[in-house]
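A.B. asks: Just to be clear, the model below is a prediction. Sequence and coordinates:
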Amino acid sequence: QVQLVESGGGVVQAGGSLRLSCAGSGRTFGNSAMAWFRQAPGKEREFVAAISRRESSTKYVDSVKGRFTISRDNAKNTVYLQMNSLKLEDTAVYYCAADPSSTGYSVPATTRAYGYWGQGTQVTVSS
């Protein structure tokens, strides 16, 4: 069992930065692939970034490559999403997700791969 709590969302001007954190609890956090998804009003939840349990593999959706960085600190049971050069279209609720069944280098990018989800944190980018 993994419990996830996101923090760090807020309102930021276009071009600004935010860092999201996701604190996990449970013994399987270190063995889980972790990911960030986002959902804008009226749209489906979409994949943003994922990191393997061994930190050696990452994956990003094309629209955030070069702007967002996912990282994790297994000693702190925390995964981060550093978001730079934010755009209006990045506005959404951001969700953290965990896949405890992942293998060492796995970075799934589908919602159905992740069995555990946080409650979400709102990110609003203003002009």
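C.D. replies: Looks like it came in fine.
A.B. asks: didn't V107 look like it was pressed against S52?
C.D. replies: Yes: counting by C-beta atoms under 8 Å, V107 touches S52, with 5.3 Å between them. (C-beta placed from N, C-alpha, C; glycine too.)
A.B. asks: what do the two both touch?
C.D. replies: By the contact definition C-beta atoms under 8 Å, 6 or more residues apart in numbering, V107 and S52 are jointly contacted by 33, 58.
A.B. asks: Could you pull out the strands in this protein for me?
C.D. replies: 3-7, 10-13, 18-25, 33-39, 46-51, 58-60, 68-73, 78-83, 92-99, 116-117, 121-126 (DSSP state E).
A.B. asks: Can I get these in JSON lines including mean neighbour count and mean pLDDT?
C.D. replies: Formatted as JSON lines, those follow (neighbours: other C-beta atoms under 10 Å; pLDDT from 0 to 100):
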{"stretch": "strand 3-7", "mean neighbour count": "17", "mean pLDDT": "95"}
{"stretch": "strand 10-13", "mean neighbour count": "12", "mean pLDDT": "98"}
{"stretch": "strand 18-25", "mean neighbour count": "19", "mean pLDDT": "96"}
{"stretch": "strand 33-39", "mean neighbour count": "25", "mean pLDDT": "97"}
{"stretch": "strand 46-51", "mean neighbour count": "22", "mean pLDDT": "98"}
{"stretch": "strand 58-60", "mean neighbour count": "17", "mean pLDDT": "97"}
{"stretch": "strand 68-73", "mean neighbour count": "18", "mean pLDDT": "96"}
{"stretch": "strand 78-83", "mean neighbour count": "22", "mean pLDDT": "97"}
{"stretch": "strand 92-99", "mean neighbour count": "24", "mean pLDDT": "97"}
{"stretch": "strand 116-117", "mean neighbour count": "18", "mean pLDDT": "95"}
{"stretch": "strand 121-126", "mean neighbour count": "17", "mean pLDDT": "98"}
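A.B. asks: what sits opposite the residue lying closest to V5 once chain neighbours are set aside in the beta ladder?
C.D. replies: Counting by C-beta to C-beta, 6 or more residues apart in numbering, A23 is the residue found nearest to V5 once chain neighbours are left out, at 5.0 Å. Note on A23: beta-bridge partners by DSSP bridges are V5, T78.
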